[in-house]
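> give me coordinates for this.
(one chain, ligands or ions: 1)
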Amino acid sequence: MKVEFPKTFFWGAASSATQAEGRVVGDGKGENIWDYASKEYNHRFYDGVTTENTSLFYRDHQQDIQKMQDISFNSFRTSISWSRLIPNGTGKVNSEAVQFYNNVIDELIANKVEPFINLYHFDMPMVLQEKGGFENKEVIEAYKQYAKTCFELFGDRVKYWFTFNEPMIPAEAGYLHDRHYPYVVDFKRAATVLHNIILAHCEAVKVYREMKLAGKIGIIMDVIPVYPRSQNPADLYAAEMADLFYTKSVNDAILKGKYPERLREVLEEYDQLPEVTETDIQLIATTSIDLLGINYYRPRRVKAKECLPNPQGVFSPEWFFDEYVMPGRRMNTSRGIEIYPKGIYDIAKKIQTEYGNIDWFVSENGIGIEGEEAFIEEGIVQDDYRIDFLKEHLMYLNQAMDEGSNCLGYHMWTFVDCWSWGNAYKNRYGFYRLDLSTGAKTVKKSGLWFKEMIENNGFD
Ligand code: BGP
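Residues are numbered from 1 along each chain as shown. Alright, predicted model coming up:
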């Protein structure tokens, strides 16, 4: 075996509640921002597909978990839907949801698939969004209670917990870049949301520690490695700023227990500093995680600004750098992002050298392709491009591990083709194809390749 992984390595895939569960009549689920936005702002979603029509993990979980076992997963990440478990955001728990998540967890364990459970994957309950979502400190308290409820209900069996998926995204996409509801465009509000999400993370970790449960708790982050166009100081400055705003802001707070001083200086200079109290600073400084998940899809290439930003415009990190379109870059044209397998190695090195070589795993990595039906032959999507993508990324990951990186696993995005934030079912990522007209879920060639790779702990 040329590329070999430890026998204890976690292999599987990731998914999330809103993207996969779907709705069935009488399930008692409350509305979240995606249920609301995909109806009320339907034009923003590819083909107008709403959350109601997602791949029905709620109904099919038993067969789906069997499908995980069929391709030899030993672990699987999904999230609990806050608005399913506690339809009003606070207070009464939905017994149907408790039953559902109990079934999922028990079924996974019975199939020797370790459940990795995330508490928040972009899906704020609508009632709490109406109160300001994470702009409102009361929602931090509500999240803490929700987290506690989850630990009480499922903490006897779930050994791997995650507080948030990509904490930057609800802030950046929801409050600055107009991609997620509530479609606000205001840097300071985005910064407040990010800060409050970090506080909510800390509160959940604190509760988990107090409960003395026998498991690990962490967070899933999207680290986009930044590469400057050149070594020219102006390009280097652009890269430093992109990294500061989009990576170090969250990473340093979570992994080093403090925000970068440089960030504070810049935000102060532009009058964009959110309110951060001494108590907040203390809470962040005294919280640490056990396991870090990293989602990796693409690099961020940047260059010095070509034009001065409009001082009348909305302040944004993009005031400090421009995107660099590197000649010859390799693109996933369906998703419009660069494919750069070495990025995974660079992230591993960064964790090793700058963040204490903490235990981590690849919590998402994948390639979303439009029009995959064109690759169906003999009833199977012949997705050799996905196998190549996997091989290349795994080779770089393996190299980093040989050099001492504490990587414990690899989860692909995703298990069955799922609904996505905006793109709905346009780009397909799954090991299983979902036929939207029949609901059938059929393994792809990559799923079979992954199975063999797991069974051999590597590949040639
Ligand atoms: C990650 C999210 C996932 C998933 C994935 C694919 O950032 O955590 O929920 O959606 O990206 O991206 P997209 O669906 O936008 O193509």
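> quick one: residues contacting residue 229.
When contacts are counted by C-beta atoms under 8 Å, 6 or more residues apart in numbering, residue 229 touches 235, 238, 301-304, 324, 326. Glycine gets a C-beta too; all of them are placed from N, C-alpha and C.
> now it, nearest residue through space, not along the chain?
Once flanking residues are discounted, residue 229 sits nearest to residue 303: 3.9 Å by C-beta to C-beta, 6 or more residues apart in numbering.
> you'd agree that neighbour is up against residue 236?
No: contact criterion C-beta atoms under 8 Å: residue 303 and residue 236 do not qualify, at 10.3 Å.
> these two: which is more packed in?
When residue 303 and residue 236 are compared for neighbours, residue 303 comes out ahead with 19 against 15, by other C-beta atoms under 10 Å.
> how far away is the residue of the stretch 251-400 of the chain found nearest the ligand from residue 359?
For the stretch 251-400 of the chain and the ligand, the shortest gap (C-beta to the nearest ligand atom) falls at residue 368, measuring 4.5 Å. Counting by C-beta to C-beta, to the nearest Å, the separation of residue 368 from residue 359 is 28 Å.
> with residue 398 instead?
Residue 398 is 17 Å from residue 359, by C-beta to C-beta.
> likewise for residue 101?
26 Å.
> please say which of the two ends up with more neighbours.
More crowded of residue 101 and residue 359, by other C-beta under 10 Å: residue 101, with 23 against 15.
> pretty sure that one sits in a strand.
No: looking at residue 101 with DSSP: H, G, I helix; E, B strand; the rest coil, it is helix, so not inside a strand.
> residues in contact with it?
Contacts of residue 101 (C-beta under 8 Å, 6+ apart): 80, 85, 153-154.
> of those residues, buried ones?
80, 85, 153-154 (16 or more other C-beta atoms under 10 Å).
> which residues of the stretch 251-400 of the chain lie near the ligand?
Residues of the stretch 251-400 of the chain lying close to the ligand by C-beta under 6 Å from any ligand atom are 295, 335, 364, 368.
> and the pLDDT for the residue in the stretch 301-450 of the chain that the ligand sits nearest to?
At 3.1 Å from the ligand, residue 420 is the closest residue in the stretch 301-450 of the chain, using C-beta to the nearest ligand atom. For residue 420, the model assigns a pLDDT of 97.
> my read: residue 386 touches residue 367, true?
Yes: Residue 386 is within contact range of residue 367, at 5.6 Å (criterion: C-beta under 8 Å).
> in the stretch 351-460 of the chain, which segments are predicted with low confidence?
Counting by pLDDT under 70, the stretch 351-460 of the chain contains no low-confidence range.
> hey, where'd the strands end up in it?
360-364, 369-370, 376-377, 380-381, 407-413, 427-428, 432-434, 441-443, 458-459 (DSSP state E, counting those that start in this stretch).
> residue 265: which of the ones you listed is closest?
strand 360-364 (29.3 Å; C-beta to C-beta).
> who are the packing partners of that closest one?
In terms of contacts (3 or more C-beta pairs under 8 Å, 6 or more residues apart in numbering; DSSP states H and E), strand 360-364 is packed against strand 10-14, strand 216-222, strand 291-295, helix 342-354, strand 407-413.
> okay if I get those as CSV plus distance to residue 146?
Shown next, in CSV, are the helices and strands packed on strand 360-364 (distance: least, C-beta to C-beta, whole Å):
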stretch, distance to residue 146
strand 10-14, 21
strand 216-222, 15
strand 291-295, 20
helix 342-354, 29
strand 407-413, 24
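> just to revisit the earlier point, rebuild the strands of the stretch 351-460 of the chain as a markdown table, extending it with mean neighbour count.
Shown next, in a markdown table, are the strands of the stretch 351-460 of the chain (neighbours: other C-beta atoms under 10 Å):
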| stretch | mean neighbour count |
| --- | --- |
| strand 360-364 | 25 |
| strand 369-370 | 19 |
| strand 376-377 | 12 |
| strand 380-381 | 20 |
| strand 407-413 | 24 |
| strand 427-428 | 24 |
| strand 432-434 | 22 |
| strand 441-443 | 19 |
| strand 458-459 | 17 |
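> show me what the residue nearest the centre of the chain bridges to in the sheet.
Computing the C-alpha centroid of the chain and ranking residues by C-alpha atoms, centre = their mean puts residue 165 first, at 4.0 Å. Using DSSP bridges, the bridge partners assigned to residue 165 are residue 220.
> my guess is it contacts residue 218. True?
No: using C-beta under 8 Å, residue 165 is not in contact with residue 218, being 11.2 Å away.
> residue 134 and the ligand, how far apart?
17 Å (C-beta to the nearest ligand atom, to the nearest Å).
> what is the neighbour count of that residue?
Residue 134 has 27 nearby residues by other C-beta under 10 Å.
> contacts only, for it.
124, 140, 170-171, 192-193, 196-197, 200.
> which of those sits closest to residue 51?
Nearest to residue 51 among the contacts of residue 134, with distances taken as C-beta to C-beta, is residue 124, at 13.1 Å.
> what about the stretch 151-300 of the chain, any weak spots by pLDDT?
By pLDDT under 70, the stretch 151-300 of the chain contains no weakly predicted segment.
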